[in-house]
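Asks: Take a look and give me a structure for this.
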Amino acid sequence: MTIPLNYYKVLDATDSMGPAEIQQKCDEMLGQQPEGQYSDIALGCRAHILRAAATCLMDQVEKEEYDETLLKMEPVVEVPMSQVPGVLALLQEVGEMESTVQIGTEYLTLSTDIEESRQDAALALALAYCELGREAMSANPPLVTRGCDFLELALKALQDEGGAYLAPGLQEDIDRTLEDMAPACVLEILARPDVPENETARADALEGLKALLWETAGTSDEQEEREARAELMRTAYPLLTSMEQVKMNAEAPRHIPAEPKEVYLTALAHVAGGFAYGDPSLVLVADELLLQLQEAQAGQPDAQDVSIERGMVCLLLGMVDESIQCLGLESPEGDQGIKSFVEAHRTEDGEILGGMCLLLERWLVEAVLSKFRDTKASAPAANINSMWFEDEEIQQRLVSLERSPSVVSRTADMFSSAAAAVTGAVSVALKAVGETTSKAARSASNVEWPKAAGPAGRREEANEYGYEYDSASVVQEATRIGETEEYVEQQGKLSHATKMALGVALGLTGLGGALWLAAKKRPDLFKMPTKVETSVKASSPTTVTTPATKGQADLTKPEALDVASAKALVEKWQHIKAQALGGKHTVSLLGDILDGYMLTQWKARANDVRQHGWYWEYTLVGLKIDSVVMSENNTKATVQATLQEAAQLYDRGRPDNNDAYRSTYCARYEMNFRPGLGWRISSGAVLY
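Replies: Below you'll find the predicted structure:
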């Protein structure tokens with residue numbers, strides 16, 4: 001091979017040195033061993049190159065010819081393939097990393113030398129990659145990802161040629177460094193701009209973040225582990241979008257306790273995502289998270305007060321009475337700052353909802369939307385009137401949204417009236433603060449954000465997450481949403497009621513995730529929901545009485561569902577659900593029938609069943625479609641059905657937990673037509 005080689009560099013000499021000095025430099029190089037354990041063949045080749053370089057530079061005539069060549073070009077030498085590994089060791093030793101990488105890669109591609117020589121070349125190549133990685137990480141600012149890439153190349157070079165036995169100490173050092181730098185690498189990628197070319201790397205970084213947060217749990221000192229995890233969360237969460245945080249919460253393993261701060265932040269993420277993307281079910285989940293945080297810290301002196309947050313979430317859900325109660329507007333112990341703000345912004349006719357809605361809007365803008373990567377830019381333009389209360393689709397979803405037992409306090413008619421009252425009050429409230437003022441300017445300056453006057457001063461400082469939050473001690477009871485199964489197992493055996501809830505109230509229905517999340521944490525929610533009398537009356541949709549065209553061959557144009565096609569969709573869902581939760585755990589099929597957040601939740605649920613070693617065998621005994629309600633443009637449908645099914649639960653690890661049931665229930669499914677895909681179920685609820 002033709003290799004560029006500078007004799008002065010390999011001897012660490014200068015052109016002003018005489019023969020004696022050149023000989024001294026050569027002796028010094030020969031007397032020291034290069035980094036890494038090379039074979040005798042490679043070391044012999046290295047020594048031969050050093051002596052040849054010294055001989056050339058000590059001869060005056062040869063030195064002059066060599067110096068003239070240096071002025072014109074970089075000198076090269078012809079090296080037999082068998083001696084290349086020795087040259088690579090020397091090049092790496094004197095700092096010629098780029099040359100080592102280039103020549104080493106070419107040599108390993110072309111060489112048919114003995115295994116020992118190839119391993120020498122791989123060692124020199126790996127050491128060069130390690131040095132390039134160190135330089136990248138030492139840059140200002142550090143190029144952590146680039147440095148980790150070099151280290152991974154170094155590890156690959158060693159393992160490709162010698163497996164785990166080539167330079168095991170170096171491999172161990174590389175592994176340890178990659179492990180230590182993994183958090184910084186993940187954070188660097190997550191901080192990159194949201195552009196298409198970064199999507200793949202970001203997806204990988206998110207998976208890496210989950211592994212760092214979850215897969216290493218229980219492998220070190222509990223306090224040290226908790227502190228490291230909290231530090232990583234503190235740095236990573238501001239780099240995530242609201243929906244990325246929502247998804248992480250849905251996928252998080254239940255055996256890892258969640259810090260109160262994490263629960264609080266996750267609740268805000270659900271609010272931001274629900275408002276920004278028009279999904280009320282996320283807001284309902286936020287209410288459940290805040291409620292659980294409140295209950296878990298009850299009676300503790302340093303408990304976080306989330307009454308304002310709960311009041312705002314309840315108002316978004318149209319639960320006006322609950323919002324007033326949470327905010328303490330009618331209680332002498334309520335926050336005086338909040339009371340004063342709401343009173344100061346009553347509507348002209350004295351309606352308290354005017355101040356409450358203005359408070360809600362400011363809270364969304366300043367305390368929620370502005371804190372997340374995907375909602376920050378649109379925060380100043382947030383308008384709860386046009387973006388929420390006057391949005392017909394959102395209002396229909398609010399009306400049909402199934403409430404968990406903790407928030408079911410009125411019928412659908414009562415809820416519709418409350419939502420209508422809020423909508424009207426918002427319009428009045430906006431006029432009261434000046435309709436002609438731009439939304440951004442008004443949100444920024446025209447209305448003063450109330451200061452809490454409570455004893456803890458809960459709103460005075462922002463915590464390290466960048467969210468207003470009091471420092472709270474670690475609450476063991478505030479475990480991740482969904483630990484109820486673990487709790488029951490610790491008592492000895494899964495109760496029949498628990499299995500019924502897992503199988504029927506949760507496992508067999510199309511809840512959009514809200515009731516599932518609530519029930520997994522609170523044992524009282526494992527009871528089968530009682531029938532809630534409702535009289536949902538949508539203003540625009542009409543009941544379909546004419547059959548749709550059979551076959552639905554054109555997936556680009558929606559057609560009204562008839563009873564037969566609706567039944568086929570529900571049957572398909574039941575079949576796919578059985579496969580996803582069955583013995584083969586075919587989770588990939590869920591995307592063929594589910595959509596949106598419901599798809600995310602069911603994937604997490606099915607993976608959770610698999611991780612626990614459980615599976616279900618379902619039999620759909622009977623199915624009757626009670627009604628099909630279509631939207632005017634035939635892109636949305638509400639299907640109500642009565643189902644009868646039998647199921648057998650198997651626990652591979654503990655067969656004594658096996659159980660079975662047979663149940664009849666009524667469910668409501670919300671379906672959306674996706675061009676090119678057809679109909680998908682986006683949410684659902686058990687009615688009774």
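Asks: for the residue of the chain most remote from its centre, what are its contacts?
Replies: In the chain, the greatest distance from the average C-alpha position (CA atoms, centre = their mean) is reached by Val61, at 68.5 Å. If you count contacts by CB atoms under 8 Å, 6 or more residues apart in numbering, Val61 has none. To be clear about C-beta, it is placed using only N, CA and C from the backbone, and glycine gets the same treatment.
Asks: where does the stretch 101-250 of the chain dip in pLDDT?
Replies: For the stretch 101-250 of the chain, the stretches flagged by pLDDT under 70 are 216-222.
Asks: Spell out the residue ranges of the helices in it.
Replies: Secondary structure of the stretch 101-250 of the chain (DSSP state H, counting those that start in this stretch): helices located at 115-137, 144-162, 168-190, 199-210, 222-236, 242-251.
Asks: pLDDT below threshold where in the chain?
Replies: Looking at the chain by pLDDT under 70, you get 216-222, 400-556, 597, 601, 685-688.
Asks: can you give me the strands for it?
Replies: Taking DSSP state E, the strands of the chain run over residues 2-4, 76-78, 542-543, 614-630, 636-651, 659-674, 678-686.
Asks: Which of those sits closest to His255?
Replies: With CB to CB as the measure, strand 614-630 is the member of those nearest His255 (14.8 Å).
Asks: Neighbouring strands - and their directions - for the closest one?
Replies: strand 542-543 (antiparallel), strand 636-651 (antiparallel) (DSSP bridges).
Asks: just how off-centre is the last one within its chain?
Replies: It stands for strand 636-651. On the basis of CA atoms, centre = their mean, to the nearest Å, strand 636-651 sits 30 Å off its chain's mean C-alpha point.
Asks: between that strand and strand 659-674, how big is the angle?
Replies: Strand 636-651 runs at 150 degrees relative to strand 659-674, counting by axes from the mean of the first three to the mean of the last three CA atoms, to 10 degrees.
Asks: can you pull the buried residues of strand 636-651?
Replies: 636-641, 643, 645, 647, 649-651 (16 or more other CB atoms under 10 Å).
Asks: Kindly report the same for stretch 588-607.
Replies: Quick answer for stretch 588-607 (16+ other CB under 10 Å): 590, 593-606.
Asks: do the same with stretch 268-280
Replies: For stretch 268-280, by 16+ other CB under 10 Å, it's 268-276, 279-280.
Asks: same question, stretch 661-677
Replies: 663, 665-673.
Asks: Let me know the closest of those residues to Ser565.
Replies: Met671 (10.4 Å).
Asks: bridging residues for the residue nearest to the closest one when sequence neighbours are not counted?
Replies: Distances taken as CB to CB, 6 or more residues apart in numbering place Ala637 nearest to Met671, at 4.4 Å, with adjacent residues excluded. Beta bridges link Ala637 to Met630, Met671 when assigned by DSSP bridges.
Asks: list the contacts for Ala637?
Replies: By CB under 8 Å, 6+ apart, the contact set of Ala637 is 561, 566, 628-631, 670-671, 673, 679.
Asks: that older thread, please convert the buried residues of stretch 268-280 to CSV, extending it with distance to Ile352.
Replies: Converted to CSV, the buried residues of stretch 268-280 look like this (distance: CB to CB, whole Å):
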residue, distance to Ile352
Leu268, 25
Ala269, 29
His270, 26
Val271, 22
Ala272, 26
Gly273, 28
Gly274, 24
Phe275, 22
Ala276, 27
Asp279, 28
Pro280, 23
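Asks: So which of those residues sit within helices?
Replies: Per DSSP state H, helices hold the following members of the buried residues of stretch 268-280: 268-276, 280.
Asks: So which of the strands paired with strand 614-630 is nearest Val570?
Replies: Nearest of the strands paired with strand 614-630 (CB to CB): strand 636-651, 5.4 Å.
Asks: Nearest to Arg226 among the contacts of Ala637?
Replies: Glu670 (39.8 Å).
Asks: you'd agree the closest one is up against Ser631?
Replies: No. Taking CB atoms under 8 Å as the definition, Glu670 is not a contact partner of Ser631, at 10.5 Å.
Asks: returning to that earlier point: closest to Asp194 out of the contacts of Ala637?
Replies: Checking the contacts of Ala637 one by one against Asp194 (CB to CB), the nearest turns out to be Phe673, at 28.7 Å.
Asks: got a list of what that closest one touches?
Replies: 558, 634-637, 679-680.
Asks: In space, what's closest to it - neighbours in sequence excluded?
Replies: Spatial nearest neighbour of Phe673, chain neighbours left out: Pro558 (3.9 Å); criterion: CB to CB, 6+ apart.
Asks: How many residues are close by the one you found?
Replies: Pro558: 22 surrounding residues under other CB atoms under 10 Å.
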